[in-house]
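**Q** show me the folded form of this:
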Amino acid sequence: MSATSPSSPMTQFTKAALVALTLLFVGLKTSLLAQADTLPKDSPFFTKEGPWGRLQCYYFYLEAPDSVVSRTPTPDTQTRWRIPEAELTAFENLISLTELPDELVSALFNPRNIIRRSGTANLFPSARLIESLSAKDRKQVYETLARYPSNEYYEYPIVFAGGSVEAWARDSGLRQELVAAISLLSYQRGEALAFSDIPVLLGLAESNAEALFIKKKLTRTRTIIARLEVNKDSPVQDMLDYWATGLNLRRKELEPLFQATAAAPGIGHIDLLHMLPALPRKLIYTYPSDEFTTHIRFPDCHWTTLNFFNFTAQDYYLDSHLASSAVIEDFQQVSPPFRFGDVLMFINASGNAFHSCIYVADDLVYTKNGANPLVPWTLMELKDMHSMYNLDLGKGVILGYRHKEGRLEPADVPPVTAPVSPSSRNASR
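**A** Residues are numbered from 1 along each chain as shown. Modelled structure (predicted):
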């Protein structure tokens with residue numbers, strides 16, 4: 001990756017747009033000061049009280065370590081849109097209905113600028129064209145690109161949990177102009193705020209070192225640290241029943257810790273990490289290690305959920321067909337309220353489970369959002385996952401599943417529905 005050359009299309013964007021982006025950032029900063037209450041707070045928040053007790057939670061941001069970032073290729077600075085040739089006319093009609101200047105549209109569809117290969121037309125929009133898309137047009141165009149194969153930045157965009165680029169970029173070290181560019185080029189993806197123009201952003205790098213710095217910062221992922229309140233007034237036995245899943249799993253390990261914490265003045269909390277089984281306790285807040293490079297693919301959401309209670313990971317869950325069989329054979333559907341360790345399946349209208357996660361407590365879930373090696377295992381709020389997967393949900397639903405060995409009350413059993421089939425499609429961030 002090198003800085004943009006004077007003759008490149010990015011130069012025009014850099015000279016013409018960076019001044020505007022700087023002014024935009026100043027305006028954004030002023031707006032943020034006036035609307036500070038709308039930003040996610042650094043102070044802790046509390047979950048609702050329930051059979052789990054009450055959890056005190058903190059937001060923070062993870063970034064992939066250099067060792068993980070360095071083993072993934074740095075994207076090109078030239079944006080590429082891959083359109084199936086059978087859809088090219090429809091896509092050209094879509095672009096013609098946007099507010100883009102005619103000269104930019106003509107250049108995009110000039111036959112001399114299109115590379116056709118294996119039934120796919122490769123289009124190369126200029127940075128100026130991308131900058132010129134209105135918010136409405138960007139949303140529509142990018143949603144269309146997401147439906148075509150191999151447009152990974154649009155199918156799996158960066159999604160800003162909480163809906164704020166500024167909160168995501170705070171303390172990141174990114175230049176103000178870069179933050180302004182991200183804000184300008186972000187768009188609504190369902191209920192979430194998303195960003196797909198990674199090549200454009202990398203093209204604004206002033207050096208190779210900054211390009212690599214941007215690449216690392218784009219792995220920033222908001223997650224949560226949580227502490228369980230435990231004191232002399234806590235219903236310790238009821239809480240132990242919840243965290244032991246009703247099967248006394250790890251109860252002998254947890255009970256001395258709960259009792260000692262409840263009896264000791266001035267402690268009052270147990271880190272949620274202690275509630276997790278061995279494998280998720282090892283993986284949470286980390287990125288896939290080098291050992292996974294020898295596997296058929298990196299761990300995804302289904303591998304994560306189906307291995308939740310396993311002491312040793314079963315890697316055959318990387319195969320979507322075997323993951324599907326495991327759900328059908330070993331789990332039963334349950335209705336809310338869910339319990340710790342239940343699997344939540346995001347089901348689309350076709351009956352495919354394109355995402356899954358583990359229910360923890362209240363609105364908290366344990367998840368890995370995709371097989372991307374730059375995506376960590378995290379603790380998230382279910383409401384953020386609703387926003388992240390809104391487009392895919394459509395007419396779909398979220399269904400709960402519990403292992404057949406788990407305790408099942410009569411009220412937990414929902415009406416019988418067709419079995420679900422996990423698919424490998426899930427978001428990258």
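**Q** now do the contacts for the closest residue to Asn348 other than its chain neighbours.
**A** With sequence-adjacent residues excluded and distances taken as C-beta to C-beta, 6 or more residues apart in numbering, Asn348 is closest to Gly396, at 4.3 Å. Just so you know, the C-beta spots here come from the backbone N, C-alpha and C atoms, and that holds for glycine as well. By C-beta atoms under 8 Å, 6 or more residues apart in numbering, the contact list for Gly396 reads Phe346, Ile347, Asn348, Ala349.
**Q** strands along the stretch 301-429 of the chain, start to end?
**A** For the stretch 301-429 of the chain, applying DSSP state E, counting those that start in this stretch gives strands covering 331-334, 343-347, 352-361, 364-368, 377-381, 397-403, 421-422.
**Q** quick check: closest non-adjacent residue to Trp168.
**A** Take Trp168 and drop its neighbours on the chain: the residue closest to it by C-beta to C-beta, 6+ apart is Phe160, 5.0 Å away.
**Q** next one, pLDDT for the one you found please.
**A** For Phe160, the pLDDT comes out at 93.
**Q** what's the answer for Glu329, then?
**A** pLDDT, Glu329: 85.
**Q** per-residue confidence for Val68?
**A** Looking at Val68, its pLDDT stands at 89.
**Q** ok, how many other residues are close to it?
**A** Val68 has 19 neighbouring residues, counting by other C-beta atoms under 10 Å.
**Q** same check on Glu103?
**A** As a burial measure, Glu103 scores 10 neighbours (other C-beta under 10 Å).
**Q** what's the helix or strand for it?
**A** Per DSSP states H and E, Glu103 falls inside helix 102-108.
**Q** pLDDT averaged over that helix - what is it?
**A** Mean pLDDT, helix 102-108: 97.
**Q** so what touches that helix?
**A** Contacts for helix 102-108 (C-beta under 8 Å, 6+ apart): Ile95, Ser96, Thr98, Asn113, Leu123, Phe124, Pro125, Ser126, Arg128, Leu129, Ser132.
**Q** not counting its neighbours along the chain, what's nearest Gly119?
**A** Closest to Gly119 by C-beta to C-beta, 6+ apart is Glu85, at 5.4 Å.
**Q** ok, now which ones touch the one you found?
**A** For Glu85, the contact set (C-beta under 8 Å, 6+ apart) comprises Arg116, Gly119, Thr120, Ala121.
**Q** pull out the buried members of those residues.
**A** Listed as buried from these are Thr120, Ala121; burial here means 16 or more other C-beta atoms under 10 Å.
**Q** got TSV for the contacts of Glu85, with secondary structure and distance to Thr245 too?
**A** What follows is the contacts of Glu85, written out as TSV (DSSP: H, G, I helix; E, B strand; the rest coil; distance: C-beta to C-beta, whole Å):
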residue	secondary structure	distance to Thr245
Arg116	strand	55
Gly119	coil	50
Thr120	strand	48
Ala121	strand	52
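**Q** now the contacts of Glu85 in JSON lines, with pLDDT and distance to Gly370?
**A** Below are these laid out as JSON lines (pLDDT from 0 to 100; distance: C-beta to C-beta, whole Å):
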{"residue": "Arg116", "pLDDT": "97", "distance to Gly370": "30"}
{"residue": "Gly119", "pLDDT": "96", "distance to Gly370": "26"}
{"residue": "Thr120", "pLDDT": "98", "distance to Gly370": "23"}
{"residue": "Ala121", "pLDDT": "98", "distance to Gly370": "27"}
